Structures are given as structure tokens and as C-alpha cells.
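Asks: coords please:
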Amino acid sequence: MTGSDAPPSSPSFRLAYVPGVTPTKWVRIWNERLPDVPLTLVQVTAAEAFGLLREGGADAGFVRLPVDRTDLSAIPLYTETTVVVVPKDHVVAAVDEVAPEDLAEEIVLHPLDDTLDWERPPGLPALERPATTADAVELVAAGVGLLVVPQSLARLHHRKDLTYRPITGTPESRIALSWPQEETTDLVEQFIGIVRGRTVNSTRGRPATPAQPKGGRADAGGTSRKGAAGKSGGKPSAKSGGRATGKSPRSGSGGAGASKGAKRAKPGKPRRRS
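Replies: Below is the predicted model of the structure:
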């Protein structure tokens, strides 16, 4: 079989996602709506996600903002809560929420793959920066310091001996759906609709067809001609002076009643005298 005789490859969709994102819900909806188009998940680090999209390694991806809009499109989806990861027996575990100043005397780790847009976390810096967030979590468990991350990453690296609490006044990570601007294919549009919550019957950008009124074409006043004639009682007659009111201009009675009355008032034939 020559290359020209080879059957065309079946369509597929490759979806990248960074750590902390759980695409399960959207993948399930995709499989329900497009069962004949397989969706392949590609897990990628936050730093590598944009390069993967540009190189065609994925059709779209869940990434962390900011996104370079020069050649990539992006739809912001949600903002994550920022938390501080601490040992379960740490004093922070006894409160519901902390502020940056509460960590002033604590060593706060700053991994090289940090996803929060800040130059330096609160608290005291460690002697070295951990290579990854996973490494930083291990150091927290060892009692070396604390870690400030998006809540999804705290859940991803959950350990029984650690917990986390929300922290205010710090940067927040935002998740977005991104794809190459020049590759906005029909399948990408399908996935955008799923992420945005469009129903299966909704049509993007197509205006609704206005409903035609029943009983004939609508006139300028928005009322069908048939309906207008029915309301006016038919065509105007010469007896009514051109008004289609259905009433006699003299007596104010209905036209049918007036006709009957006229017949009763007509004089009969004269009787023959005997």
C-alpha cells in the first residue's frame, strides 16, 4: 500500500495539564459528547507547558498565568487559594488563617519551580532553594522550614504528618486554558465550549432564528393580517360608513340584530275585505 493509498488518521485531541490541575470533569464530558475522538492527557511541568503547546505536543493545555499572548490564546478559569504547608504539630496548625507577618521568624522555603509570582516569600530564607516543590514538601516534613504554595499543590503533595492553612496578603496562582493562536481548530473550539459550560445543543456565535407568527406573515405592527382582520370584524361595509366596528352607526346595535329588526318592522300585505 502506497502512502497515497493509506487511510486518513482518525482525529484525536491532546490535552496538557500542569501539576495541581484535575481535568477529570472536562475529560468525562468530552468522552460523552465526542466518543469517537480519543482524548490523551499529557502531564507537564508549569515551566515546560508553553513550549509543549508551541511545538505542537498538545492541542490545548491547562496552564498557570501569566501567558505570553504573542502567539498563545488563553481563557482565565479560576484563582487558587494560597496556603502555607506546616507540620501537624506546628503552632500554625492551631489557627484557621495566617498573615505573612505571622511567619516573620520562620524559615520559608522557595523552590526553583515556584508557581507564585514573587521575588521572595515571607519569613527567613533557607540556605539553599529546593529544586522542586516536592523536594520542599519533604523538607517541611523534616522540620527544616515551611512552604507557601497554591492549595492544589498542597493537596497534590499531601502527607499524613503535614497540614496547611490559608495565608492572606500573598500572590495567588491563576489557572487558564491555553492553545496556539494559529491552531484554533474545531476540536479546540469543542473543548473551549466544554470548559465554559456550554450545553451540547448550544451553537457558538450563531444567532437564533426568530419565530414566525402563526396565521400568516407579520405586518409592520407585529400583528398578523389574519389576526387583525378577525379583530376588526371583517371588511368595512358601505352601511357602516367605512368603519369596521360591527355596529350600526344609527342605533349602536350589532349588524345582525339590526337586520332582524328591520324585517320585523316591514309592513305586511293588506288584508282583503270581505
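Asks: flag the shaky bits of the stretch 151-274 of the chain, pLDDT-wise.
Replies: Residue ranges of the stretch 151-274 of the chain with pLDDT under 70: 202-274.
Asks: for the spatially most central residue of the chain, which non-adjacent residue is spatially closest?
Replies: The residue lying closest to the centre of the chain (C-alpha atoms, centre = their mean) is Arg196, at 2.2 Å. Closest residue to Arg196 apart from its sequence neighbours, by C-beta to C-beta, 6 or more residues apart in numbering: Ile75 at 7.4 Å. For every residue, glycine as well, the C-beta is placed using N, CA and C.
Asks: list the buried ones in the helix or strand harbouring the one you found?
Replies: Secondary structure assigned from DSSP states H and E places Ile75 in strand 72-79. By 16 or more other C-beta atoms under 10 Å, the buried positions in strand 72-79 come out as 72-74.
Asks: can you list the helices and strands that it packs against?
Replies: helix 49-54, strand 174-180, helix 186-195 (3 or more C-beta pairs under 8 Å, 6 or more residues apart in numbering; DSSP states H and E).
Asks: list the contacts for Glu105?
Replies: Neighbouring residues of Glu105 by C-beta atoms under 8 Å, 6 or more residues apart in numbering: 123-124.
Asks: over to the one 3 residues further on?
Replies: When the contact criterion is C-beta under 8 Å, 6+ apart, the partners of Val108 are 84, 121-126, 145-148.
Asks: what about the strands in the chain?
Replies: 13-17, 39-43, 60-64, 72-79, 82-87, 108-109, 146-150, 162-166, 174-180 (DSSP state E).
Asks: sorry, back to before: contacts for the strand holding Ile75?
Replies: Against strand 72-79 from outside (C-beta under 8 Å, 6+ apart): 50, 53-54, 62-63, 65, 67, 172-181, 184, 192, 195-196.
Asks: and Asp102, which of the helices and strands packed on strand 72-79 is closest to it?
Replies: strand 174-180 (24.5 Å; C-beta to C-beta).
Asks: what lines up beside the closest one in the sheet?
Replies: If you go by DSSP bridges, strand 174-180 pairs up with strand 60-64 (antiparallel), strand 72-79 (antiparallel).
Asks: out of those strands, which comes closest to Thr132?
Replies: The nearest among the strands paired with strand 174-180, by C-beta to C-beta, is strand 60-64 at 15.1 Å.
Asks: please save the CA atoms from the closest one in PDB.
Replies: This file holds the C-alpha atoms of strand 60-64, laid out as PDB (Å, rounded to 0.1, in the frame of the first residue of the first chain):
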ATOM      1  CA  ALA A  60      -4.500  22.800  24.300                       C
ATOM      2  CA  GLY A  61      -3.500  22.800  28.000                       C
ATOM      3  CA  PHE A  62      -4.300  23.900  31.500                       C
ATOM      4  CA  VAL A  63      -1.500  26.300  32.500                       C
ATOM      5  CA  ARG A  64      -0.700  28.800  35.100                       C
END
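Asks: quick one, that strand and helix 186-195 angle?
Replies: Calculated by axes from the mean of the first three to the mean of the last three C-alpha atoms, to 10 degrees, strand 60-64 forms an angle of 50 degrees with helix 186-195.
Asks: and strand 60-64, average pLDDT?
Replies: Here strand 60-64 scores 98 as its mean pLDDT.
Asks: likewise stretch 70-85?
Replies: For stretch 70-85, mean pLDDT is 97.
Asks: re the thing from before, give me the buried subset of the contacts of strand 72-79.
Replies: 50, 53, 62-63, 65, 67, 173-180, 192, 195.
Asks: which one of those residues is nearest Ser10?
Replies: Taking the buried ones among the contacts of strand 72-79 together and measuring to Ser10 by C-beta to C-beta, the closest member is Trp179, at 20.6 Å.
Asks: one step back: now the strands paired with strand 174-180 in TSV, with distance to Leu156?
Replies: As requested, the strands paired with strand 174-180 are exported to TSV (distance: least, C-beta to C-beta, whole Å):
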stretch	distance to Leu156
strand 60-64	13
strand 72-79	16
